[in-house]
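Student: Next one to model:
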Amino acid sequence: MNPTPPVRAPRQIPFIIANEGCERFSFYGMRNILTIFLASTFFASLPAADAQAEAKEIFHVFVAGVYFFPLLGGWISDRFLGKYTTILWVSLVYCVGHACLAIYENEPRGFYFGLFLIALGSGGIKPLVSAFMGDQFDQSNKHLAKVAFDAFYWIINFGAFFASLFMPKLLQGAGPAEWWGWPAASVAFGIPGVLMLLATVFFWFGRKRYVRVPPTPPDPHSFMRVVRTALTSGGRATPGFLIASTGCALAVAAVAMIPLLGWKLVIGLCLALVLVMSGVGVGAWIQLESARGKHPDAAVDGVRSVLRVLVIFALVTPFWSLFDQKASTWVFQADAMTKPSWFSPAQMQALNPALVMLIIPFNNMVVYSWLRRRGKEPSQLGRMGLGIALAGASWLAVGAMQLVMDGGEPISIAWQVLPYVLLTAGEVLVSATGLEFAYSQAPASMKGAIMSFWSLAVTIGNLWVLIVNVSVKNDAVLGAIERSGMSSIAFQMFFFAAFALVAALAFHLVARRYRVVDNYRSA
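Tutor: Model (predicted):
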């Protein structure tokens, strides 16, 4: 009797991981110098505080766009082109965006158009690469998927580490810009473009080995059709229809009030999206059983499963509002701290991916192994809830440091190591775990779309940042902050800390009732 051959990870996985490493270098290479570049170039004529505020706003609008466009990429992939073709062609758009940043480093319109193309490209492929990697596994080797997803997340941070370490120095004029007299910004934004081109080539090299799940054909029992049936069954007087209509009406009002409230367009549009999704989602949940009989039970149960996942995703959004500010609020705080003259404040961000590369293997080989032997390994949702709480703790730390700085006492940048450790530990628990959770919970016909919703949580997280930034410009709010004795910066830090800690508690309560499912494909 022949022994059963050992189960191995798919041979095509290294091509996907190499692609991700180069792409993440390109993205973080430009992202982590963006606020410093904007404040010192396009807003150099403004007072320092105003320049930083404008740069921070553009940064979070950009990040919101990056995590909004996965909706478009997921839809195109699921309905028309499939994951492989969508990733390949959208990656080329991504490369053009990088080229625009390098060429138009002194021309705002061209530069912002490049940011738009990068948001479109990075966002368009973001949900698809991880979902495409998940497609390479089946029931026979799905136990190896966790290792692959951890390696996937590790390589993201490998690329991010070196990008965060070297790109800020290139922006200062070191390296090729200094040697050959090239514009420093062109070099700093051009090198990430070269890495994105390499990422595309690596992905293309594996084309003959990939498992390619075809796009889903038009389905009379698709997610949106089931939702529409549920909302319209019983007429327009049903509670579900009224709630959905109210959400849509509030969304229209949010857009209409943009000029009245002084909001940026992106704030109104993102808020409108949240209101539509919330109204339609709650309304569909209430009315979903009315779709049975008109659609198969499996389709109705699939919609129920997706809606339950979206509740989990919604509770993760506060984490992203804290996490993404390490490239804006934390960088500007680092700039005001004492540090060596050769050290750029943006380089502090290299600590985050370096810690990720240490924490992931430490968790897998030491912490989880130790807990597993005692029958106490935490669930996916348990890890994610703890991660949100750790993010809140990191902002308590930066808030405390800001109070010391506001009191006039100089403080070393080395103190930022503590909040970085806390935030990164939270990131590993939320993001690395969330990728696998999102894929495993998605019905087969919704893999790309559900990963897009996971990315959309980051957009909404950045929306909270934009809303808070606009709110603190209000005279009444500024007066209340002034009476508290804190600076507006410190106040916002403690506000976001409380926001995350409350979200962590809510996440824990919801997670206790969540029923985990297994939606990996059959062998």
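
Student: Where does pLDDT dip in the stretch 201-350 of the chain?
Tutor: Segments of the stretch 201-350 of the chain classed as low confidence (criterion: pLDDT under 70) are 260-264.

Student: Show me where this structure dips below the pLDDT cut-off.
Tutor: For the chain, applying pLDDT under 70 flags the ranges 1-7, 9, 173-182, 260-264, 444-449, 451-452, 518-523.

Student: Point to the residue nearest the middle of it.
Tutor: Within the chain, the residue whose C-alpha comes closest to the C-alpha centroid is Val458; the distance, by Cα atoms, centre = their mean, is 4.1 Å.

Student: Please tell me how far that residue sits from Phe69.
Tutor: Separation of Val458 from Phe69 (Cβ to Cβ, to the nearest Å): 11 Å. (Each C-beta comes from the backbone N, C-alpha and C, glycine too.)

Student: contacting residues for the residue nearest to the centre of the chain?
Tutor: The contact partners of Val458, by Cβ atoms under 8 Å, 6 or more residues apart in numbering, come to 63-64, 66-67, 317, 320, 324.

Student: Save the residues you listed as CSV, and put in neighbour count too.
Tutor: Compiled in CSV, the contacts of Val458 are given as follows (neighbours: other Cβ atoms under 10 Å):
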residue, neighbour count
Val63, 25
Ala64, 26
Val66, 25
Tyr67, 25
Thr317, 21
Trp320, 27
Asp324, 21
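
Student: could you measure Ile87 against Ile359, distance?
Tutor: Distance of Ile87 to Ile359, computed by Cβ to Cβ: 28 Å.

Student: between those two, who's got more neighbours?
Tutor: Ile87 (26 against 20; other Cβ atoms under 10 Å).

Student: how about the helix or strand harbouring that one as CSV, C-alpha atoms only?
Tutor: Assignment of secondary structure by DSSP states H and E places Ile87 within helix 83-103. Output in CSV follows, covering the C-alpha atoms of helix 83-103 (Å, rounded to 0.1, in the frame of the first residue of the first chain):
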residue,chain,number,x,y,z
LYS,A,83,-9.2,38.0,-10.6
TYR,A,84,-6.1,37.3,-12.6
THR,A,85,-7.0,39.5,-15.6
THR,A,86,-8.3,42.3,-13.4
ILE,A,87,-5.1,42.3,-11.2
LEU,A,88,-2.9,42.4,-14.3
TRP,A,89,-4.6,45.3,-16.1
VAL,A,90,-5.3,47.4,-13.1
SER,A,91,-1.6,47.0,-12.0
LEU,A,92,-0.6,48.8,-15.3
VAL,A,93,-2.9,51.8,-14.3
TYR,A,94,-1.1,51.7,-10.9
CYS,A,95,2.3,52.0,-12.7
VAL,A,96,1.1,55.1,-14.6
GLY,A,97,0.0,56.7,-11.4
HIS,A,98,3.5,56.3,-9.9
ALA,A,99,5.0,57.8,-13.1
CYS,A,100,2.8,60.9,-12.7
LEU,A,101,4.1,61.5,-9.2
ALA,A,102,7.7,61.4,-10.4
ILE,A,103,7.0,63.6,-13.4
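
Student: Use 50 as the first number for this chain going forward.
Tutor: Fine by me, first position is 50 from now on; the one you just mentioned is helix 132-152.

Student: can you pull the buried residues of that helix?
Tutor: Within helix 132-152, the residues that qualify as buried are 132-133, 135-136, 138-140, 143-152, counting by 16 or more other Cβ atoms under 10 Å.

Student: now for the next helix-or-strand element following that helix, which elements pack on it?
Tutor: Following the chain from helix 132-152 toward its C-terminal end, the next helix or strand by DSSP H and E is helix 157-184. Other elements packing on helix 157-184 under the criterion 3 or more Cβ pairs under 8 Å, 6 or more residues apart in numbering; DSSP states H and E are helix 62-80, helix 97-115, helix 119-125, helix 132-152, helix 194-220, helix 482-490, helix 496-520.

Student: Present those helices as a markdown table; the columns should include distance to Val380.
Tutor: Listed next are these as a markdown table, based on distance: least, Cβ to Cβ, whole Å:
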| stretch | distance to Val380 |
| --- | --- |
| helix 62-80 | 11 |
| helix 97-115 | 9 |
| helix 119-125 | 25 |
| helix 132-152 | 18 |
| helix 194-220 | 9 |
| helix 482-490 | 25 |
| helix 496-520 | 14 |
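
Student: Helices of the stretch 300-449 of the chain, residue ranges please.
Tutor: 307-310, 314-336, 346-372, 378-384, 400-411, 417-422, 429-455 (DSSP state H, counting those that start in this stretch).

Student: I am finished for the moment; much appreciated.
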